[in-house]
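Asker: Fold the stuff below for me.
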Amino acid sequence: MNKFLLAYDLFERHNKIASYIKSHDTVADIGGELNHLSQFCKPKKIIVANLNTGDVLISKNKLPFKNNSFDIVCSIDVLEHIPKNKRQDFVNKLVDIAKKKVLLSFPIGTHKHDIYEKYIEKWLEEKGENVTYLKEHIRYGLPKIEEVKKLTNNYKTIISFSGNIKINELLFKVFIFDPKIKFLRKIIYFLKLLFNIFTNNIFYQLLINQQYSQNVNRAYVEITKKI
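Answerer: Predicted coordinates for the structure are as follows:
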């Protein structure tokens, strides 16, 4: 799907991560999806590694890359799907693979965000939707700011934040809205595409750089590797 048609949440995280990537960089997108990040940047090379689909398949949760294999190693909304006791090893491995930078994004764990995710999980279950990813968020726990600082304590790190829980909730509900009446379903689908085309960049400018608070939705971590 064209990047301007993506739901805002997908648009934001890939657009933000792409803003760090230069045309001469080689990039590994760990846990990413084909044709997502590549729509937002044109690096020299980009390799998608995932458990099920990608340029490279990850087996037995081991990353099949040697140290210093790529200029940039990114992992977009993966950390929250990793058990807490394995997150440090995961971050360390990403740093090992990278020559220059590691870029992470993930929903940040605040008290309000934890409440929101449990509410959305219940709301989606009542609609018969798949909530596997949310159950992992809740079981493993969204990374909290204290944990993120500890995970990156040995590295040169910049942490930034985006979003607003209430606005992101509204945008998510627009995205998930799907009437079961066939002709109406098609109309709503195209209306949502138009909505994304005209609003994604506006919301991006409004939401991308926020001060940390209980209301923020996502964290971005930039680790610069010492050479």
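Asker: Quick one: end-to-end distance for stretch 159-173.
Answerer: 28 Å (CA to CA, to the nearest Å).
Asker: Would you indicate which residues of it are buried?
Answerer: Within stretch 159-173, the residues scored as buried using 16 or more other CB atoms under 10 Å are I159, S160, F161, S162, G163, N164, I165, N168, L171, F172. (Each C-beta comes from the backbone N, C-alpha and C, glycine too.)
Asker: Would you format those as a markdown table with pLDDT included?
Answerer: Shown next, in a markdown table, are those (pLDDT from 0 to 100):
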| residue | pLDDT |
| --- | --- |
| I159 | 98 |
| S160 | 98 |
| F161 | 98 |
| S162 | 98 |
| G163 | 96 |
| N164 | 96 |
| I165 | 95 |
| N168 | 95 |
| L171 | 93 |
| F172 | 92 |
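Asker: Distance to V216 for these - can I get that in CSV?
Answerer: Formatted as CSV, those follow (distance: CB to CB, whole Å):
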residue, distance to V216
I159, 11
S160, 10
F161, 4
S162, 7
G163, 6
N164, 7
I165, 8
N168, 9
L171, 15
F172, 15
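Asker: which strand is the longest one in this structure?
Answerer: Criterion DSSP state E: the longest strand present in the chain is strand 98-107.
Asker: name the element the residue lying closest to I158 once chain neighbours are set aside belongs to?
Answerer: In space, and not counting its chain neighbours, I158 is closest to E222: 4.6 Å by CB to CB, 6 or more residues apart in numbering. Counting by DSSP states H and E, the element that carries E222 is strand 218-224.
Asker: hmm, who's touching that strand?
Answerer: By CB atoms under 8 Å, 6 or more residues apart in numbering, the list of residues contacting strand 218-224 from outside reads 12-13, 16-17, 20, 91, 94-95, 98, 100-108, 143, 145, 148, 152, 155-163.
Asker: ditto for stretch 113-127
Answerer: With CB under 8 Å, 6+ apart, stretch 113-127 has contacts from 107, 130-131, 134-135, 137-138, 142, 165, 169, 172, 176, 214, 217.
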